[in-house]
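S.K.: Please find the sequence and the predicted model below.
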Amino acid sequence: MLKTKWLIILLLLTFGLLSAQNWKTFGKELTLKDTTLISTILANPYAFIGKRVLVEGTVVDVCKKRGCWMELASDKEFQSIRVKVNDGEIVFPLEARGKLALIEGIVEKLEISKEELIKAMKHHAEEQGEPFDSTKITEGKTIYRLKGLAAKIQLD
């Protein structure tokens, strides 16, 4: 009888702890089980281009206008990777900032000319309500990002 009571208490505590972790799904369900470190992807992006990966990190920024992208902190300091989704397919909430996220997506490489970068950075600044100085951009850039397919964010 005593063992049964303890088993019930243990089950209730376990269920309570699991439900306290309020994970919300965005897009499709995650299909991958093993995560890849963001730093590993950024250290050797050519090995991952076109591949589906699962990454984990803290959300450091979210598109304020449409929720169409978010920036995920790497496991290494001063690194991050952008997760971009098609507008309207997934909408990342602003309250995701500072929260833990699991993101499944395909690694993409973007070659951006100077002109395209100026246009994109101007658009980004407008979305964020920040000033923009195009003279600071002197050349194009190569960007590695994730095309987001599925996400789970631990919202409180």
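M.R.: Nice, thanks for sending it over. Numbering: from 1, shown residues only.
S.K.: Report the beta-bridge partners for the nearest residue to V85 once chain neighbours are set aside.
M.R.: Spatial nearest neighbour of V85, excluding adjacent residues (C-beta to C-beta, 6 or more residues apart in numbering): G148 at 4.3 Å. Every C-beta, even on glycine, is put in place using the N, C-alpha and C of the backbone. Counting by DSSP bridges, G148 is bridged to G105.
S.K.: doesn't D87 make contact with G148?
M.R.: No - here G148 lies out of contact with D87, judged by C-beta atoms under 8 Å, at a distance of 11.8 Å.
S.K.: The two: which has the busier surroundings?
M.R.: The neighbour count for G148 versus D87, taken as other C-beta atoms under 10 Å, is higher for G148 (25 against 13).
S.K.: contacting residues for the more buried one?
M.R.: By C-beta atoms under 8 Å, 6 or more residues apart in numbering, G148 lies in contact with G27, V83, K84, V85, I90, I103, E104, G105.
S.K.: repeat for A120
M.R.: Contacts of A120 were listed using C-beta under 8 Å, 6+ apart, and they are I112.
S.K.: Mind listing what's buried along the helix or strand encompassing it?
M.R.: Of the helices and strands defined by DSSP states H and E, A120 is found in helix 114-128. Within helix 114-128, the residues that qualify as buried are L117, I118, M121, counting by 16 or more other C-beta atoms under 10 Å.
S.K.: so can I have a markdown table of those showing pLDDT and distance to I153?
M.R.: Formatted as a markdown table, the buried residues of helix 114-128 follow (pLDDT from 0 to 100; distance: C-beta to C-beta, whole Å):
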| residue | pLDDT | distance to I153 |
| --- | --- | --- |
| L117 | 91 | 29 |
| I118 | 93 | 32 |
| M121 | 90 | 26 |
